[in-house]
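Asks: okay, here's the prediction I keep looking at, along with the sequence it came from:
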Amino acid sequence: MSDFAWTIQVIYVLAASCFVLGLHLMNTPATARRGNQVSTAGMAVAIAATLATIAHDDLITTTGWIVMFAGALVGSVLGLYSARNVQMTAMPQLVSMFNAVGGGAAALVGIHDYMTAGAGVSATTSVTTLLDVIIGGVTFSGSIIAAGKLQSVITSAPVSFPGARLVNLLLAVIAVGVGGYLIASPSTGLLAVVIVAALVFGVSMVMPIGGADMPVVISLLNAFTGTAVAMAGFVIGNWAMIIAGALVGASGGILTKLMADAMNRSIRNIMLGGFGTGDTAAAIAGGPGGDVKSIAADDAAIQLAYASKVIIVPGYGLAAAQAQHEVAALAELLESRGVDVSYAIHPVAGRMPGHMNVLLAEANVPYPQLKEMDDVNPEFARTDVALVIGANDVTNPAARRPGTAISGMPILDVDQAKSIIVIKRSMGHGYAGIDNELYVDPKTSMYFADAKKALTDLASAVKTLVG
Amino acid sequence: MYPALLVDVAIFVLSLWVGFEVISKVPATLHTPLMSAANSIHGIVLAGAMLIAVTAHNTVGYVIAFLAAVFAAANVVGGYVVTGRMLKMFRRRPLAPTPAPGAVSANGSSPNGHRDSGRAA
């Protein structure tokens, strides 16, 4: 290895260190921005080193330079435009699209390498190449479908047909089987079969998964992308890609596990799919065993205004109604009256891990008010009013008993509060499809309305009644 | 080439452990920016996309290299910008003076308007 090549490898290791440090700085909101800057700097150095290598080796054609710069320019403009204009509620879609292009790029690197290396490729290289192509292909099409479901371009309800699992199994067998054969005897035509099988598998894997399971799916696809990039790193022998890919794979893996645990479901169970509701849960008629007390805006406003401690429990419904600004406005109003207001955030609130925190941060809620489940649960007993907005299963006390669909699922101890107001459109079920015992609790009042409208009405009622 | 592959595998496995160690400490509050940051980091695939432009010598090769560069560049640029945009919103204290509820909901429908209001306040 020449001195130049050594220097480049050292620079790659330096860049990778910046990535690790950047992730480490995300441990607190106060240092997170610096973390992103450190990571960006590492990336800039790695790209510069790659450019230097290409110029130094001088093997690239003029067309190659043009293609590279044109592609990078087009991609940068697209990335910059979508990043600057995306709404915070649409963040899961954007993250999913970045997963798609990352996985796609990794697959293309593998495909190109396979095609240029031809028959001369060694068995060990072709194993990583094929893994790269398969994982990258699955991530690419799967993430596009996930983004489509989140954007409601594709129905977020589970889409399946009889024998779907068999088809999935068959596709997986084709991709891996043909891939294995290709290691022994390389052929470009058969590589196309592997690519197509991987792409179709990505589609058929995500289609049967319901909208409510999306936090898990996005995390999993994130882990896939990381792994695909690491494999691409193996293919072209680039340490920075191996390290970065592994880091992302680890982060995706951890988040997948956290999300699945918080939803009380196994990853296998989610991937087999078939249930999980869409965005708009059907309003199922029929009351649970017990009387439901409903409340009007004025009464709810008085309860809130004269409370000394209020905990707001935002859920999927708040995100779907895009009511984060309205809830923040109500909270501010209550705080100006001296009410102690905080937010209890369940790990799966929103549409991707941590999504609710971003929505509330966008609505100008300071992050010390956003409390995680374990920190906030002991506080409910000292709370006058718990205001539940569009959250269902994560507040159901039935989870503490064995024998229900959500038994063992970690929940927010909302029922410990002195009184509870639930804003909800109807008595419809959450995604677990069971009655919420919280709603028939004598301490609970139901406020049936759309979250956005209810919160606006509450705020104006507080103003006029006690202003 | 087995020793080289072994080194690569060692790097991969150790990086996985470093990843688990570093990331399990990130609080749930920051999970979305974390995932977005991880997304920008896998944008390093841009280095790979650039390197395949070197070995491309026919039309198919150039098309693949071009597509890979578009994908990877969108990933890396978009990822870092959107992560930065999100993290900028995490504040310890609310901005003063606080906007009226009506004004906030009006801004909510337009992302640009909202960003500007944040900057102006």
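Replies: Here it is on my side, so go on.
Asks: quick check: closest non-adjacent residue to the residue in the stretch 151-300 of chain A that chain B sits nearest to.
Replies: Closest contact between the stretch 151-300 of chain A and chain B, by Cβ to the nearest Cβ, is at residue A:250 (2.7 Å). No exception for glycine: its C-beta is placed from N, CA and C like everyone else's. Of all residues not flanking residue A:250 in the chain, residue B:19 sits nearest, at 2.7 Å (Cβ to Cβ, 6 or more residues apart in numbering or on different chains).
Asks: residue A:80 contacts residue B:81, doesn't it?
Replies: Yes. Using Cβ atoms under 8 Å, residue A:80 is in contact with residue B:81, at 5.9 Å.
Asks: could you pull up phi and psi at the residue nearest to residue A:250?
Replies: phi -60, psi -50 (degrees, to the nearest 10).
Asks: low-confidence ranges, the chain, go.
Replies: Defaulting to chain A. A:1, A:118-121, A:272-290, A:431-432, A:467 (pLDDT under 70).
Asks: sorry, I should have been clearer: chain B.
Replies: Along chain B, the model assigns pLDDT under 70 to residues B:1-2, B:95-121.
Asks: quick one, helices of it?
Replies: B:2-23, B:31-41, B:45-55, B:59-89, B:101-108, B:111-120 (DSSP state H).
Asks: helix, strand, or coil at the residue of the stretch 151-300 of chain A closest to chain B?
Replies: Put simply, residue A:250 is helix when judged by DSSP: H, G, I helix; E, B strand; the rest coil.
Asks: now for it, how many residues are close by?
Replies: By the criterion of other Cβ atoms under 10 Å in any protein chain shown, residue A:250 has 25 neighbours.
Asks: tell me the contacts of it?
Replies: Listed by Cβ atoms under 8 Å, 6 or more residues apart in numbering or on different chains, the contact set of residue A:250 reads A:223, A:226, B:15, B:16, B:17, B:18, B:19, B:20, B:23.
Asks: with residue A:460 instead?
Replies: Neighbours of residue A:460 in contact, by Cβ under 8 Å, 6+ apart: none.
Asks: export the helix or strand harbouring it as PDB, just CAs?
Replies: For residue A:460, the host element (DSSP states H and E) is helix A:451-466. Provided in PDB are the C-alpha atoms of helix A:451-466 (Å, rounded to 0.1, in the frame of the first residue of the first chain):
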ATOM      1  CA  ALA A 451     -58.400  17.000  18.400                       C
ATOM      2  CA  LYS A 452     -57.700  20.200  16.600                       C
ATOM      3  CA  LYS A 453     -61.100  21.700  17.100                       C
ATOM      4  CA  ALA A 454     -61.500  20.400  20.700                       C
ATOM      5  CA  LEU A 455     -58.200  22.100  21.700                       C
ATOM      6  CA  THR A 456     -59.100  25.400  20.000                       C
ATOM      7  CA  ASP A 457     -62.500  25.300  21.800                       C
ATOM      8  CA  LEU A 458     -60.900  24.500  25.100                       C
ATOM      9  CA  ALA A 459     -58.400  27.300  24.800                       C
ATOM     10  CA  SER A 460     -61.100  29.900  24.000                       C
ATOM     11  CA  ALA A 461     -63.400  28.500  26.800                       C
ATOM     12  CA  VAL A 462     -60.600  28.900  29.300                       C
ATOM     13  CA  LYS A 463     -60.100  32.500  28.200                       C
ATOM     14  CA  THR A 464     -63.700  33.500  28.300                       C
ATOM     15  CA  LEU A 465     -64.600  31.700  31.500                       C
ATOM     16  CA  VAL A 466     -61.700  32.500  33.700                       C
END
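Asks: which parts of that helix are buried?
Replies: Under the neighbour-count criterion of 16 or more other Cβ atoms under 10 Å in any protein chain shown, helix A:451-466 has A:451, A:452, A:454, A:455, A:456, A:457, A:458, A:459, A:460, A:461, A:462 buried.
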